[in-house]
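In: Please work out how this folds:
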Amino acid sequence: MKKQFLIPVLIISVLAGCSTLRDLSDIQEPTVSYRDVNIQSISFDGITLLFDFDVTNPNRFGVTAEEYRYEFFINNRSFLSGEQPEQVSIGREESTVIQVPVSLNFSEIAQTFGSVVRGDSISYQLSTEVEFDLPVAGRQRVPVEAGGHFPLPKIPRIEFGGFEVKQMSFTGAEIEVSIRVTNPNSFGISLSGADYQLEINGNEWLDTFLDQSVDVDGSESKTVVIPISLNASQLGSAMREIVMGNRDLQYHFTGEAEISADIEGFEGVQYIPFDLSGNYRLD
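Out: From the prediction side, this is the model:
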């Protein structure tokens with residue numbers, strides 16, 4: 001009885017072994033194809049792109065993607081490269097997605113390519129190799145390429161727009177100070193707040209927070225008017241200069257603006273410092 005029982009088991013084992021050998025003798029290289037790219041995050045400082053690649057295993061056994069390597073090109077020149085030893089298992093005759101993140105710093109791009117940063121976007125190419133560990137065949141590298149454009153945000157310009165004396169006496173003055181925000185981008189931005197200080201002729205006129213929100217469309221400018229009341233002490237030498245007929249005043253305008261942008265991947269706000277000084281002539 002035992003012999004009769006062992007014979008079917010041996011036959012099954014032999015057949016299974018033959019099937020495994022056939023599978024191994026018919027090894028096919030996995031395929032890797034580019035699916036799409038998304039902006040994972042972006043700011044006025046840099047961008048992180050997330051590339052998706054479809055990986056298909058046509059074999060009747062599972063395989064492992066051991067790592068991927070990439071080289072990133074701008075204007076057909078290599079800009080950066082990297083590798084990630086991240087193991088990904090792909091089951092028999094199955095597909096999965098491998099994601100390749102690439103982070104870029106805009107100031108480094110400007111230092112390397114100069115005039116490239118003058119446009120609204122930058123063209124790129126990405127060369128990637130995915131390395132697989134295959135039975136019998138060993139490690140195999142499968143190349144794949146992608147290309148396209150990514151946006152290049154430009155820092156908004158914040159300028160001292162000037163001030164207008166509404167009313168003045170020896171006890172104080174009512175004055176309107178203006179700030180001009182210029183958006184050089186094709187997309188909209190928002191000035192959601194700003195800490196700022198204003199000195200005129202060495203005297204502090206303003207040290208406060210602008211809590212109003214200002215939306216600026218692409219390639220447009222907007223002026224923010226801030227009414228302030230000043231006493232004689234705050235006016236300082238400016239009052240004497242104005243009374244004596246000197247209309248040229250020295251200003252020093254400093255602070256930090258909170259800017260957000262209407263573009264994919266831009267989250268929260270970015271703090272943009274400004275430090276402006278010069279002469280302003282009263283009309």
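In: Val97 versus Leu249, what's the distance?
Out: In this view, Leu249 and Val97 are 62 Å apart by CB to CB, to the nearest Å. For the C-beta atoms, the positions are set from N, CA and C on the backbone; glycine is no exception.
In: Would you mind telling me which of the two has the busier surroundings?
Out: Leu249 (18 against 10; other CB atoms under 10 Å).
In: I'd say the more buried one and Ala238 touch.
Out: Yes. With contact defined as CB atoms under 8 Å, Leu249 counts as touching Ala238 (5.8 Å).
In: which neighbours do these two share?
Out: Common contact partners of Leu249 and Ala238 (CB atoms under 8 Å, 6 or more residues apart in numbering): Ile200, Asn201.
In: In this structure Ser33 contacts Asp52, no?
Out: No. Counting by CB under 8 Å, Ser33 sits too far from Asp52 to count as a contact (10.0 Å).
In: Are we agreed that Glu199 is in a strand?
Out: Yes. Assignment of Glu199 by DSSP: H, G, I helix; E, B strand; the rest coil places it within a strand.
In: That one: what's it in contact with?
Out: Taking CB under 8 Å, 6+ apart, we find Glu199 in contact with Trp205, Tyr251, His252, Phe253.
In: and if you look at Thr254?
Out: Contact analysis of Thr254 by CB under 8 Å, 6+ apart lists Tyr196, Gln197, Pro273, Phe274, Asp275, Leu276.
In: what do you get for Ser89?
Out: Ser89 sits in contact with Gly62, Val63, Thr64, Ala65, where contact means CB under 8 Å, 6+ apart.
In: if you set the cut-off to 7 Å instead, what comes out?
Out: Gly62, Thr64 (CB atoms under 7 Å, 6 or more residues apart in numbering).
In: Quickly run through the sheet partners of the helix or strand it falls within, with directions.
Out: Using DSSP states H and E, Ser89 sits within strand 88-90. If you go by DSSP bridges, strand 88-90 pairs up with strand 63-74 (antiparallel).
In: Could you pull out the buried residues of whichever helix or strand comes after the strand it pairs with?
Out: Downstream of strand 63-74, the next assigned helix or strand under DSSP H and E is strand 77-84. Using 16 or more other CB atoms under 10 Å as the test for burial, strand 77-84 gives Phe79, Leu80.
In: No further queries at this time; thank you.
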